[in-house]
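In: Just to be clear, the model below is a prediction. Sequence and coordinates:
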Amino acid sequence: MGINVEIDYDAADKIVVESLKEQYSNISTMLEQRCVDTSKDNYGMFHNNKKKDIVAIKKLLKSFEDVLRYNMLEEDLVAFKEEVEDNEIAKDDEYDFDDGNGKVPAHKHYHGNGWVADTAQVDDSVYVGENAQVYGSAKVYGSAEVCGNAKVYDSAEVFGDAEVYDSAEVFGDAEVCGKSKVYDNAQVFGNAQVFGNAKVCGNAQVFDNAKVHGSAVVYGNAQVSDNVHVCGNAQVFGNAKVYGYGSAVIFDNAKVYGNAVVYSNAQVYGNAVVYSNAQVYGNAVVYGDAKVYGDAKVYGNAVVFGYAKVYGNAKVYGSVEVCGYAVVSEELKNKNEIAKDDEYDFDDGNGKVSAHKHEKGGGWVADTAEVDDSVYVGENAKVYGSAKVYGSAKVYGNAQVYGRAVVYGDAKVYGSAKVFGYAKVYGNAKVFDDVHVCGNAKVCGNAVVFGYAKVCGNTVMRRARRCSIR
């Protein structure tokens, strides 16, 4: 005997829909909890890997939504989803990165809670700070950190132990890696690379195919672009610009700053400095301890090196060499105009001999003499022959030290005094006026010799004061 059962399909559909809605809400809550969970070793619904688990939960949620859409009117489904969101049950799976694409699928990174687009690739080992953003097709991996208000986007990559923070941006196809740092309002973009221990900060921009590496620093409002390399311990700052599709290089301890511009195939290295409104370009090279500043221009195949200075409105070009302690403030263009202040006549009967102006004071020093950088040799003073001056000694006024004489310690020789022969002046001794110290004489300790005195032979003066007056 059969039983007739009448099924209320509307009621059944309602039960199914309510069940689906409940499951949808539960899964939404689960997704929200999974997204904001900052634990690294938690266990998810489908995977122990948080990122994979979020993706799986989203897929499941989408499946429930599709079934609900089949059983509900579209407007009812929309109203239901809005209700879920109003009750803060919904997932945080969309975010507007303010790049013109509106809201896109995204999640909060478990390590730092910063926003990461689902299209980006960010390793679990990476730290993405709460206000930082990684989106587009960007990749961040290794032990890298992106924090503050920093952004990494497009196809840029940040990896290794690199740090991008404050309001810095890395985008385009740029790479920041190693132990490098990009911070403040700096931007690295295009195909630029920053690596090693390099730093880019302030409002600086590094772009195109430029490379900043080693321990180099680019900061201020500086711009480094095209195929340029800035490396070693070099610094580019202020409003300086370094660019060119040649092979411009700034390296060693060189500095380019102010409103200076270095471009084309130019090279600046050693301890060289280019600053103010100076320009170095073409195949020009500036190195050593040279300085180019003011409105000076060095270009062509010109070379500036040693302790040379090029400044003012000077133009140095062609195949000119400016070296030694030369000072150029006007135009040099011919190869024969080689600016070398490398000869001087000390009026000792030997005519012109190889010499240079001492960096500290500008006095003439023969290349045969030995004078330390720490020594002061005044503009009109002279040290020549086989003389030696070292320590904190000072030779100035119209004083002369020559022969095989030695001046050292904190000794001072000045006025029109002369120290020559095998004489020695050292300690805190002072020799000045028209004094002559010669032969094997020694003036040392706190001795003071002045007037027209002559100290010669094997005389030793330690504390005495001696004055000879005509």
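Out: Perfect, I can see it now.
In: How is this protein partitioned into domains?
Out: Domain assignment for the chain, taken from automatic domain parsing, gives 9-86, 94-279, 345-468.
In: tell me, which of those is the model least confident about?
Out: Sorting the domains of the chain by mean pLDDT places domain 9-86 lowest, at a mean of 63.
In: Quick one: the helices in this structure, in order.
Out: Using DSSP state H, the helices assigned to the chain run over residues 9-36, 50-71, 74-86.
In: about what we covered before: now mean neighbour count and distance to residue 320 too, for the domains of the chain, in a markdown table please.
Out: C-beta coordinates here come from the backbone N, C-alpha and C atoms, glycine included. Below are the domains of the chain laid out as a markdown table (neighbours: other CB atoms under 10 Å; distance: least, CB to CB, whole Å):
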| stretch | mean neighbour count | distance to residue 320 |
| --- | --- | --- |
| domain 9-86 | 14 | 62 |
| domain 94-279 | 21 | 14 |
| domain 345-468 | 19 | 19 |
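In: and of those domains, who's closest to residue 327?
Out: Taking CB to CB as the criterion, residue 327 comes closest to domain 345-468 out of those, the separation being 8.4 Å.
In: Figure out how far the closest one is from the centre of its chain.
Out: Between the centre of domain 345-468 and the centre of its chain there are 43 Å (CA atoms, centre = their mean, to the nearest Å).
In: The residue nearest to residue 114 when sequence neighbours are not counted pairs with what?
Out: Closest residue in space to residue 114, ignoring its immediate chain neighbours: residue 128 at 3.4 Å, by CB to CB, 6 or more residues apart in numbering. Note on residue 128: beta-bridge partners residue 146, judged by DSSP bridges.
In: about what we covered before: make JSON lines from the domains of the chain and add distance to residue 308 to it.
Out: Conversion of those to JSON lines gives the following (distance: least, CB to CB, whole Å):
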{"stretch": "domain 9-86", "distance to residue 308": "59"}
{"stretch": "domain 94-279", "distance to residue 308": "10"}
{"stretch": "domain 345-468", "distance to residue 308": "10"}
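In: Quick one: closest of these to residue 318.
Out: Nearest to residue 318 among those is domain 94-279; the distance by CB to CB comes to 14.8 Å.
In: these two touch, right, residue 196 and residue 178?
Out: Yes: counting by CB atoms under 8 Å, residue 196 touches residue 178, with 4.9 Å between them.
In: Identify the contacts common to those two.
Out: With contacts defined as CB atoms under 8 Å, 6 or more residues apart in numbering, the residues shared by residue 196 and residue 178 are residue 213.
In: ok so, going back, residue contacts, the residue nearest to residue 114?
Out: If you count contacts by CB under 8 Å, 6+ apart, residue 128 has them with 109, 111-116, 122, 134, 140, 145-147.
In: Reformat those as JSON lines; add distance to residue 62.
Out: Converted to JSON lines, these look like this (distance: CB to CB, whole Å):
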{"residue": "109", "distance to residue 62": "22"}
{"residue": "111", "distance to residue 62": "26"}
{"residue": "112", "distance to residue 62": "27"}
{"residue": "113", "distance to residue 62": "24"}
{"residue": "114", "distance to residue 62": "25"}
{"residue": "115", "distance to residue 62": "21"}
{"residue": "116", "distance to residue 62": "20"}
{"residue": "122", "distance to residue 62": "22"}
{"residue": "134", "distance to residue 62": "24"}
{"residue": "140", "distance to residue 62": "27"}
{"residue": "145", "distance to residue 62": "33"}
{"residue": "146", "distance to residue 62": "29"}
{"residue": "147", "distance to residue 62": "32"}
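In: and which of the residues you listed is nearest residue 371?
Out: Using CB to CB, residue 145 is the member of the contacts of residue 128 that lies nearest residue 371, at 50.6 Å.
In: Quick check: the gap between the residue nearest to residue 114 and residue 111.
Out: 7 Å (CB to CB, to the nearest Å).
In: what do you get for residue 268?
Out: 42 Å.
In: Repeat that for residue 241.
Out: Using CB to CB, which is the criterion applied here, residue 241 is 38 Å from residue 111.
In: and stretch 204-223, how far from the chain's centre?
Out: In terms of CA atoms, centre = their mean, the centre of stretch 204-223 is set 7 Å apart from its chain centre.
In: That one spans what distance, first to last residue?
Out: Between the start and the finish of stretch 204-223 there is a gap of 6 Å, counting by CA to CA, to the nearest Å.
In: What of stretch 289-305?
Out: As for stretch 289-305, its first-to-last residue distance stands at 7 Å under the measure CA to CA.
In: for stretch 403-414, same thing?
Out: 17 Å.
In: So what touches it?
Out: Contacts for stretch 403-414 (CB under 8 Å, 6+ apart): 378, 381, 385-397, 399, 401, 419-432, 437-438, 443-444.
In: gap between the closest residue to residue 408 other than its chain neighbours and residue 313?
Out: In this structure, residue 408 finds its nearest non-sequential neighbour in residue 391, 4.4 Å apart by CB to CB, 6+ apart. Summarising the geometry, the distance separating residue 391 from residue 313, computed by CB to CB, is 40 Å.
In: same deal with residue 225?
Out: The spacing between residue 225 and residue 313, counted by CB to CB, is 27 Å.
In: One more: residue 138?
Out: From residue 138 over to residue 313 the distance is 48 Å, taken as CB to CB.
In: do residue 172 as well
Out: 39 Å.
In: same question, residue 96
Out: Applying CB to CB, one obtains 54 Å for the distance of residue 96 from residue 313.
In: before we move on, what about residue 283?
Out: According to CB to CB, residue 283 and residue 313 sit 22 Å apart.
In: Which one's more surrounded, the two?
Out: Neighbours were tallied for residue 283 and for residue 313 using other CB atoms under 10 Å; the higher tally belongs to residue 283 (16 against 11).
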